[in-house]
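Visitor: need the 3D shape of this:
(one chain, ligands or ions: 1)
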Amino acid sequence: MPSSGVSHLAGAAQSADIVYLDNSSTTRPDSQVVRAVTEVLEHDFGNPSSLHRLGAKAERLMDEARERVAQMINADPGEIYFTSGGTEANNWAIAGTASAGKERHIVSTTVEHPSVIALLDALHEEGWEITLVGVDGEGRVDPDEVLDAVTEDTALVSVMFVQNEIGTLQDCREIGRRLLSLGPKKPRFHVDAVQGFARLPIDVKDWGVDLLTMSAHKIHGIKGAGALYIRKGVRLRPLVFGGGQESGLRSGTENMPGIVGFGEACKLWSEDREEVMSRLASLRKRLIAGIKGALPDAVLHGPQEEGVAPHICHFAFPGFKGESILHALEARNVFVSTGSACSSHKTRPSPVVMALGRSEDEALASIRFSMSRYTTEKDIDRAVEALDESLKELSAWRKK
Ligand SMILES: Cc1ncc(COP(=O)(O)O)c(C=O)c1O
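Guide: Numbering: from 1, shown residues only. Below is the predicted model:
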C-alpha cells in the first residue's frame, strides 16, 4: 500500500483497484445500463417524436423506461416526466408551483440540497416568504414543526427524503399524510427523493406526495437524466418551453440514452433491492465499528442505525481538515467526499453539518463515505486501514 504522495494520484483514476466510496456524488453506471445505452446510441437512435418506425421504436423504449420508473414509487406511468436530472426536477417542482397560484409562502428545511436552497433564496429575493424548519442533532425534522409552519398562504411544502450528506431519513409519509388531513386547500407536497429513490421503498400514493424528484446517476444510470413525478390533477407551469414533448410540460428532444439507462437501472434495483440494502446496512455497521475502533475521537454525524439510509455514513475527525483527509485517502486509491458534490469544490463548512448544531471546525473536519451495490467488505476494510494511515501521516506532518 502506498504510504503517501502525489505520484500515486495519476494512476489512481485509471486503476481498477480503487475503493470508490463517493456514490452519493455519482455511481458507476452498471454494465447492463451501459449495454442498453450503447444500443440506443448505435442502433435505436430515432427521435420519439418522428412518425417513422425508428421514431416508434424510440417511443416504445421511452414508454418502457417510464413504466419502470413509475413502478418504483407506485405511480402511474403518465405521472412521470423525464428531466435532465434531480436539479431540474427540484427547480421545476418549486418554481412551477411558485408561479401557479396566489399564495406566497413555502415551507422547507435547513438541510435541503443546494438545488432547493438556492432556488428558495432566489424566490425570497423576489418577495416570497420562506420558512426553513430546523433539524435535531441527527438531522431529523419534526413533522409537528413542519405542520406548525404551514399557513393559509402556504403554496408548497418541500422536504427531502434522504439527506445527501449525512443519510438521515425524514418521515415524509407522516408529513404527507398530515398535510392531506388539511383538506382540499392543503399546500402541495414535494419530496426530493434523489438519494432514496430505488434504494428504499417509496409509495407516492400512500405518502400523499404531489411532486417527487428522482435522478438516474445516483442509482447506476448515467448523468443528465432524471424525472419528476407529478400527481395526476396537479397543474405545474413548465420550466422549459418548446416543441411540447412530455405531454407539453417539458419540451426538448428527449435524452434517449439517459432515459433508457434510467429504466434499466430501475429494473436492476427492482430485482434485488432488499438484499442489496440489507448488505449495505451491515457494511455501514462494519465501517462505523472499524472507524470507531481505529480512531476513537471520530464523531459520527447523523443517526447510528435507525432512521438513516444504509448507504451513507458521515464522520468528523476533529483536529483535521476534511480536504486533507480526502487527498491522503485519494493517494491510497480510496475516494470519498467532504460534503455534497455541488459544494465540494469550495472549502466552506457544510451548512448541513452546521444545521446539526456542530462547530465550524467540526464541519470542516468531516468526510462522507457513501456506498453502492458494488461495495464489498474488502472495500470497507481497506478504507478503514487507509483512513488510519492517513490520519497518522497527517498528524506526523502537523508535528514537523
Ligand atoms: C438530495 C439531492 N437532490 C438533488 C440532487 C441533484 O441531482 P442531479 O445531480 O441529478 O442534478 C442531488 C445530487 O447530489 C442530491 O443529492
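Visitor: how far off centre is stretch 317-326?
Guide: 24 Å (Cα atoms, centre = their mean, to the nearest Å).
Visitor: swap in stretch 282-298?
Guide: On Cα atoms, centre = their mean, the centre of stretch 282-298 falls 24 Å from the chain's centre.
Visitor: what comes into contact with it?
Guide: 300, 304-305, 308, 310-311, 313, 315-319, 369, 371, 375-377, 380-381, 383-384, 387-388, 391 (Cβ atoms under 8 Å, 6 or more residues apart in numbering). C-beta here means a position set from N, CA and C on the backbone, and glycine is covered the same way.
Visitor: among the residues you listed, which ones are in strands?
Guide: 300, 313, 315-316, 369 (DSSP state E).
Visitor: which non-adjacent residue is nearest the closest residue to the ligand within the stretch 51-200 of the chain?
Guide: The stretch 51-200 of the chain approaches the ligand most closely through G86 (2.5 Å), counting by Cβ to the nearest ligand atom. Nearest non-adjacent residue to G86, counting by Cβ to Cβ, 6 or more residues apart in numbering: S215, 3.6 Å away.
Visitor: need phi/psi at that neighbour.
Guide: Backbone dihedrals for S215, given as degrees, to the nearest 10, come out at phi -140, psi 140.
Visitor: for it, list each beta-bridge partner.
Guide: G226 (DSSP bridges).
Visitor: and it, what does it touch?
Guide: So S215 contacts 85-86, 89, 194, 197, 225-226 (Cβ under 8 Å, 6+ apart).
Visitor: from L119, how far off is it?
Guide: 16 Å (Cβ to Cβ, to the nearest Å).
Visitor: now L329: which helix or strand?
Guide: helix 322-330 (DSSP states H and E).
Visitor: partner strands of the helix or strand that that helix is followed by, parallel or antiparallel?
Guide: Sequence-wise, the next helix or strand downstream of helix 322-330 (DSSP H and E) is strand 334-335. Strand pairing for strand 334-335, using DSSP bridges, gives strand 19-20 (parallel).
Visitor: what strand or helix carries the spatially most central residue of the chain?
Guide: Compute the mean C-alpha point of the chain, and by Cα atoms, centre = their mean the closest residue is Q195, 3.1 Å away. Counting by DSSP H and E, there is no helix or strand that carries Q195.
Visitor: what comes up buried for stretch 283-297?
Guide: For stretch 283-297, a neighbour-count test (16 or more other Cβ atoms under 10 Å) marks 283-284, 287-288, 290-291, 295 as buried.
Visitor: need the residues you listed in CSV (columns: pLDDT, distance to the ligand and secondary structure).
Guide: Compiled in CSV, those are given as follows (pLDDT from 0 to 100; distance: Cβ to the nearest ligand atom, whole Å; DSSP: H, G, I helix; E, B strand; the rest coil):
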residue, pLDDT, distance to the ligand, secondary structure
L283, 98, 20, helix
R284, 98, 18, helix
L287, 98, 20, helix
I288, 98, 21, helix
G290, 98, 25, helix
I291, 98, 23, helix
L295, 95, 26, coil
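Visitor: let me know the closest of these to L268.
Guide: Closest to L268 out of the buried residues of stretch 283-297 is L283 (18.4 Å), distances taken as Cβ to Cβ.
Visitor: need the residues of the stretch 51-200 of the chain near the ligand, please.
Guide: Applying Cβ under 6 Å from any ligand atom, we find that the stretch 51-200 of the chain lies next to the ligand at 85-87, 90, 113, 115, 160, 164, 192, 194-195.
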